[in-house]
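Peer 1: build me a model:
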Amino acid sequence: MIAALFVLALGEITQSARYYEYVSRLAPPGQQGTYMGYSFLPIAIGYLVGGKLGGFLVHYFGEVLHRPEQMWWVVSGIGFATALLMWVYNIVVKPVAAADSSIAD
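Peer 2: Numbers count the residues shown, from 1 in each chain. Predicted structure coming up:
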């Protein structure tokens, strides 16, 4: 358990600072605070949805069906659907800089 906490803390130390640096550099001048505020939106959504959804899944698959291992199909489905939607978003919404550089080529 101590090793797991050490690895988790090490990951937080190395990832957290780089994440906020990336978000602040991504933002246009004068909008860094707004972008950094919105960078917490996925965390807030996960906090609001995750607890209720997790509780429902554990109750339904664990206590009602007595097959708790099957709840991971739902969790995996949510992850794959999220990745698919991000891929579709990337195709549909082209960044302005990428569109300008493709025209110049």
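
Peer 1: from the middle of its chain, how far away would the host helix or strand of Ala83 be?
Peer 2: Assessed by DSSP states H and E, Ala83 sits inside helix 71-92. Centroid separation for helix 71-92 versus its chain: 11 Å, with Cα atoms, centre = their mean, to the nearest Å.

Peer 1: contact partners of it?
Peer 2: Here helix 71-92 makes contact (Cβ atoms under 8 Å, 6 or more residues apart in numbering) with 57-58, 60-62. The way it works is simple: take the backbone N, C-alpha and C, and place the C-beta from them, glycine included.

Peer 1: can you tell me which helix or strand of this protein has the lowest average pLDDT?
Peer 2: helix 96-104 (a mean of 56; mean pLDDT, DSSP states H and E).

Peer 1: how near is Asn8 to Gln15?
Peer 2: Rather than Asn, residue 8 is Leu. 11 Å (Cβ to Cβ, to the nearest Å).

Peer 1: repeat for Ile43
Peer 2: 13 Å.

Peer 1: and what of Leu84?
Peer 2: To Gln15, Leu84 is 24 Å away according to Cβ to Cβ.

Peer 1: and for His59?
Peer 2: 33 Å.

Peer 1: settle it for me: which of those two has more neighbours?
Peer 2: When His59 and Gln15 are compared for neighbours, His59 comes out ahead with 13 against 10, by other Cβ atoms under 10 Å.

Peer 1: and the more buried one, backbone torsions?
Peer 2: Here is the backbone geometry of His59 (degrees, to the nearest 10): phi -60, psi -50.

Peer 1: can you give me the domain assignment for the chain?
Peer 2: What automatic domain parsing lists as the domains of the chain is 1-38, 40-105.
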